[in-house]
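> Test case, fold it:
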Amino acid sequence: MKIVITVFQNIYAINGTTVRVHRVLELIKKKHEVAVITCSDKGQTRLKGIEDVRIIDIKGIRIGLLKHRFVPVKFPPIIIWNLIQALSLLKNKFDIVYCAHSWFGFPSIYLVSKLRRYKIIFEAHSILSEEAKEVGHSGVGLRLRQFWERFVIRHSDCIIALSQNTFGFYRPYNNMIELVPVFIEDDLFRTSKEKAKEGGSKLVGLIGPFDTTRNLDSLRLLYSRINEFNNRLHFVVIGRCEHRKQNHRIEYTGYLQSTQDYIDQLSRLDAVLVTEKIATSGPLNKIIEPMACGIPVFTTPKGLVGLHWVEPGKDIFVFEEDRLVDEINKTVFDNEVMRMVGENAREVAERYYSKKANEDKLLQILEQLVSKVK
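Coordinates of the predicted model:
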């Protein structure tokens, strides 16, 4: 069975979408022949874990333009991507096209399916129209997104939702929808951090990359209120960050080359701070991964959106942004409370967000579609 995963992003860059693609790839390539259609910059090298996967790399597309506020600027990369993607799908024989949250890469997938007769899986990481509302879209722009997301959902053979919110929102438009949440390699995301000593300093992590306005919210809180944090608190900014503030209590890792480098950084932490002002309606890796390591996470109510099985105060700390500094100062030095929340977080991650808990379901979805292709 030949499966192609299409992702309208640079798979060599690390973000929530590409991390999910890598994890799905590593799972399904064990049983099926898998390829990836992606777009990257020149000079990219193979990534560990997918060396044996065929990469159809569409170069020369300026995907950074998709973040531009002026809508017409976004059209050229979308048009070029769909044209070249269509040619790739026509030249190759695939049984299943797995569209990884590529809303605007769907037109060519749908049209070519009429000729190639493959099955389409659309993986919805969040709710397109709800996120548009969160960032201030309204009127015609919002209605167009609502129309398009319903078209995509209705014309896919199967939908995989990453959160309960997304599952419930899209279920009225397609009965063939399954919930397969964010999952991680739970044996990999473990730390061996010893129990903190009373009265010692604490290290709080902020997880990037910090190359988008949304991800910069945590940095803004830290930079603007650094002097209000307890002076025994130190901070490490993990991932790419060009917006640096010089302060003896803040260190920067820069871009990390491997997952192990990332886990090594997590292993140092006593807590993680995630300040979200925009609800994604889908679980955030930068919350799930520290939880899997037993590291308590402090976040805002919008950071909790999509984390269906996570209970505030028990598995995670959730406060309004204006209370975060005071609550971190008060809580992070209570070793017993931090230990309890960390252990609960680890248990939730193992039960609901681990590879072990979700791999069989994803493989079963593929097998069901395979039988329909045959």
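> got the phi/psi numbers for residue 173?
Dihedral pair for residue 173: phi -100, psi -10, per degrees, to the nearest 10.
> Name the nearest residue to it, ignoring sequence neighbours.
What sits nearest to residue 173 in space, not counting adjacent residues and going by CB to CB, 6 or more residues apart in numbering, is residue 153, at 4.4 Å. Backbone N, C-alpha and C define where each C-beta goes, glycine included.
> Please tell me how far the one you found sits from residue 112.
19 Å (CB to CB, to the nearest Å).
> Stretch 190-202 spans what distance, first to last residue?
19 Å (CA to CA, to the nearest Å).
> what's the answer for stretch 245-264, then?
Rule used - CA to CA; the end-to-end distance of stretch 245-264 is 23 Å.
> Which residue ranges make up the domains of the chain?
The record's domain split for the chain, according to automatic domain parsing, is 2-183+355-373, 202-352.
> Output those in CSV, with mean pLDDT appended to each entry.
As requested, the domains of the chain are exported to CSV (pLDDT from 0 to 100):
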stretch, mean pLDDT
domain 2-183+355-373, 87
domain 202-352, 92
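> Any idea which of those domains gets closest to residue 190?
Closest approach to residue 190 among the domains of the chain (CB to CB): domain 202-352, 6.3 Å.
> first vs last residue of the closest one, how far apart are they?
Criterion CA to CA; first-to-last residue distance in domain 202-352 is 29 Å.
> Likewise for stretch 94-108?
Here the two ends of stretch 94-108 are set 14 Å apart, with distance taken as CA to CA.
> How far off centre is that stretch?
With CA atoms, centre = their mean, to the nearest Å as the basis, stretch 94-108 stands 18 Å off its chain's centre.
> need the helices for the stretch 51-200 of the chain, in chain order.
When assigned using DSSP state H, counting those that start in this stretch, the helices of the stretch 51-200 of the chain occupy the ranges 75-91, 106-116, 128-134, 139-154, 164-170.
> so which of these is the most packed in?
Here the criterion is mean neighbour count by mean count of other CB atoms under 10 Å, and of those the winner is helix 164-170, at a mean of 20.
> Mind listing residues that contact that one?
Outside of helix 164-170, the residues that reach it under the criterion CB atoms under 8 Å, 6 or more residues apart in numbering are 124-127, 130, 149, 153, 159, 161, 177-179, 281-282, 305-306, 308.
> quick one: which of those sit in strands?
In strands, defined here by DSSP state E, the members of the contacts of helix 164-170 are 124, 159, 161, 177, 178, 179.
> Can you turn the buried part of those into a PyMOL selection?
Burial among the ones in strands among the contacts of helix 164-170 is assessed by 16 or more other CB atoms under 10 Å; the matching PyMOL selection reads:
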select buried, resi 124+159+161+177+179
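> Redo the ones in strands among the contacts of helix 164-170 as JSON lines? Include distance to residue 260.
Compiled in JSON lines, the ones in strands among the contacts of helix 164-170 are given as follows (distance: CB to CB, whole Å):
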{"residue": "124", "distance to residue 260": "30"}
{"residue": "159", "distance to residue 260": "33"}
{"residue": "161", "distance to residue 260": "30"}
{"residue": "177", "distance to residue 260": "35"}
{"residue": "178", "distance to residue 260": "31"}
{"residue": "179", "distance to residue 260": "30"}
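> Other residues contacting the host helix or strand of residue 340?
Counting by DSSP states H and E, the element that carries residue 340 is helix 335-352. Where contact means CB under 8 Å, 6+ apart, the residues beyond helix 335-352 that reach it are 181, 184, 186, 189, 195-196, 198, 270-271, 288, 290-297, 308-310, 314-317, 331-332, 356-357.
> Which among those count as buried?
When these are checked for burial by 16+ other CB under 10 Å, the buried set is 181, 184, 186, 189, 196, 270-271, 288, 290-297, 310, 315-317, 331-332, 357.
> Okay, and which of these map to strands?
Using DSSP E, 271, 297, 317 are the members of the buried ones among the contacts of helix 335-352 that sit in strands.
> List the beta-bridge partners for the first one.
So the one you mean is residue 271. In this structure, residue 271 has beta-bridge partners residue 204, where bridges are defined by DSSP bridges.
> And the second one, by the same measure?
Using DSSP bridges, the beta-bridge partners of residue 297 come out as residue 272.
> correct me, but it touches residue 287?
Yes. With contacts counted by CB atoms under 8 Å, residue 297 reaches residue 287, the gap being 5.3 Å.
> Now list whatever residues contact both of these two.
The contact lists of residue 297 and residue 287 share 272, 274, 316, where a contact means CB under 8 Å, 6+ apart.
> In contact with residue 175, which residues are there?
With contact set as CB under 8 Å, 6+ apart, residue 175 has no partners.
> Repeat that for the one 10 residues further on.
With CB under 8 Å, 6+ apart as the criterion, the residues that contact residue 185 are 23, 354, 355.
> Give me the contacts around stretch 248-257.
When contacts are defined by CB under 8 Å, 6+ apart, stretch 248-257 is touched by residues 14, 209, 222, 226, 229, 231, 233-241, 244, 261-262, 265.
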